[in-house]
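> next come a sequence and a model predicted from it.
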Amino acid sequence: MAVVPVEVSCESCGAKLVVEPSHRTARCPYCDSPSVIDRPGTPDRPDPVFAIGFSIDGNRARGLLRAHLSGRRWAPTALRRAAAERVEGVYVPVYLYSAVADSRYHAAIGENYTTTEFDAKRKTTRRVTKTELRDLEGRHRCSVDDLVVTASEGIPNTELQAVEPFDLGGLRRFTPALIAGWISEEPSLSRDECLDLARMESRAAVEGRLHSFMPGDSHTGLRFSTELTAEAMDLTLVPIWVCAVRWRSDREPIRLLVNGQTGSVAGAIPVSWAKIAAVVAAGLALIGFAVILGALL
């Protein structure tokens, strides 16, 4: 189905603006006034329930990005020296997911004990630690609270996780005034897709809790099945500074993200194999020089 752009009138100067359907906000090019598009919610594009405001401004975000790049010793020099070409503050849509996890598990629990063994060859005795295994099965119930999953095709869940966590104490009820003047993205993943992501993340979290919950000195062969109930999902807008760093004209920009609330920075930084090769070559040359010098002395 074709996606139709949205037309909105600037409330300050009356200009007619054509806005991307994936955006909830716009800024008038004639009077620089921000506008928030009032469009009715749908099942896949509901109205946000909560939002977290930006605590870090653009200058601070640029400084954090430069520090992040300069600390990468093996990154290409041109990339480390590159300034952020464009840093955009974006309200990214996510879902806050909560549920009750009811799990049935089975594992082999190891209990350590010590015994004395006689070494016939050496005619000595020694203390040996051994492990006795016993089967354990049972039920574990816990809550999964405020798990964050992306609702944006542009920011995959793995990238979002890299700049988490967000301080959810900063949650505010959504109002258009919170996002006025900022880029605000509409959800581009369906609610069902986000629900699948949340359930997958929840089961991974439950597995970690079950490993910690197991008694004894060790355990092995943990198997479990989990039923998630009382599920709740609230669409929330979170603040992200998005930066594209172009370090070579023949390469795609490197995308870095800055958590607009906490300042956490993440992004895949390439490695300069030429720089590594130069260091290795210098090391080998130094070793060769030492060998020759040793032969001459």
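Cool, the structure landed. As the structure is a computational prediction, the values presented were derived from the model and not from experiment.
> so where is the stretch 1-150 of the chain shaky, pLDDT-wise?
1-11, 13-24, 26-44, 71-85 (pLDDT under 70).
> now do the strands in it.
In the stretch 1-150 of the chain, strands defined by DSSP state E, counting those that start in this stretch lie at 6-9, 16-19, 25-27, 34-36, 50-52, 86-119, 124-150, listed in chain order.
> and of the ones you listed, who's closest to residue 61?
strand 86-119 (5.7 Å; CB to CB). From N, CA and C alone the C-beta is placed, and that goes for glycine too.
> partners of residue 50 in the sheet?
residue 173, residue 236 (DSSP bridges).
> residue numbering should commence at 39 henceforth.
In the new numbering, first residue 39, that becomes residue 88.
> does it touch residue 276 like I think?
No: using CB atoms under 8 Å, residue 88 is not in contact with residue 276, being 9.2 Å away.
> more neighbours: those two, which one.
For residue 88 versus residue 276, neighbours defined as other CB atoms under 10 Å are more numerous around residue 276 (28 against 18).
> which helix or strand contains that one?
Secondary structure from DSSP states H and E places residue 276 in strand 256-283.
> check which helices and strands that strand sits against.
strand 88-90, helix 96-108, strand 124-157, strand 162-188, helix 229-251, strand 292-297 (3 or more CB pairs under 8 Å, 6 or more residues apart in numbering; DSSP states H and E).
> what packs against the second one?
Counting by 3+ CB pairs under 8 Å, 6+ apart, the packing neighbours recorded for helix 96-108 are helix 115-119, strand 124-157, strand 256-283, strand 292-297, strand 303-304.
> and for the fourth one?
If contacts are counted by 3+ CB pairs under 8 Å, 6+ apart, strand 162-188 sits against strand 124-157, helix 195-200, helix 229-251, strand 256-283.
> could you check it and say which residues are buried?
178, 180, 182, 185-188 (16 or more other CB atoms under 10 Å).
> now swap in the longest one and tell me
Taking 16+ other CB under 10 Å as the basis for neighbour counts, the residues of strand 124-157 that come out buried are 125, 127-137, 139-141, 143, 145-148.
> please apply the same query to the second one.
Within helix 96-108, the residues that count as buried by 16+ other CB under 10 Å are 99-100, 102-104, 106-107.
> bridging residues for residue 131?
Assigned bridge partners for residue 131, using DSSP bridges, are residue 275.
> returning to what we had before: tell me which of the helices and strands packed on helix 96-108 lies nearest to residue 219.
Per CB to CB, nearest to residue 219 of the helices and strands packed on helix 96-108: strand 124-157, 9.2 Å.
> for that closest one, packing partners?
Using 3+ CB pairs under 8 Å, 6+ apart: strand 124-157 touches helix 96-108, strand 162-188, strand 221-222, helix 229-251, strand 256-283.
> related to what we said a few turns ago, residue 244: which of the strands of the stretch 39-188 of the chain is closest?
strand 124-157 (4.8 Å).
> can you give me how far that closest one is from the chain middle?
Relative to its chain's centre, strand 124-157 lies at 18 Å (CA atoms, centre = their mean, to the nearest Å).
> that one vs strand 256-283, what angle?
Counting by axes from the mean of the first three to the mean of the last three CA atoms, to 10 degrees, strand 124-157 lies at 160 degrees to strand 256-283.
> so how far is residue 188 from the residue nearest the centre of the chain?
The centroid of the chain falls nearest to residue 199 when counting by CA atoms, centre = their mean (1.3 Å). To residue 188, residue 199 is 9 Å away according to CB to CB, to the nearest Å.
> and for those two, which residues touch both?
Here residue 199 and residue 188 share no contacting residue, scored by CB atoms under 8 Å, 6 or more residues apart in numbering.
> who are the contact partners of residue 145?
Counted by CB under 8 Å, 6+ apart, residue 145 has contacts 173-175, 252, 257-261.
> where does residue 254 land in three-state SS?
Classification of residue 254 by DSSP: H, G, I helix; E, B strand; the rest coil places it in coil.
> once you drop chain neighbours, what's closest to residue 128?
What sits nearest to residue 128 in space, not counting adjacent residues and going by CB to CB, 6 or more residues apart in numbering, is residue 221, at 4.7 Å.
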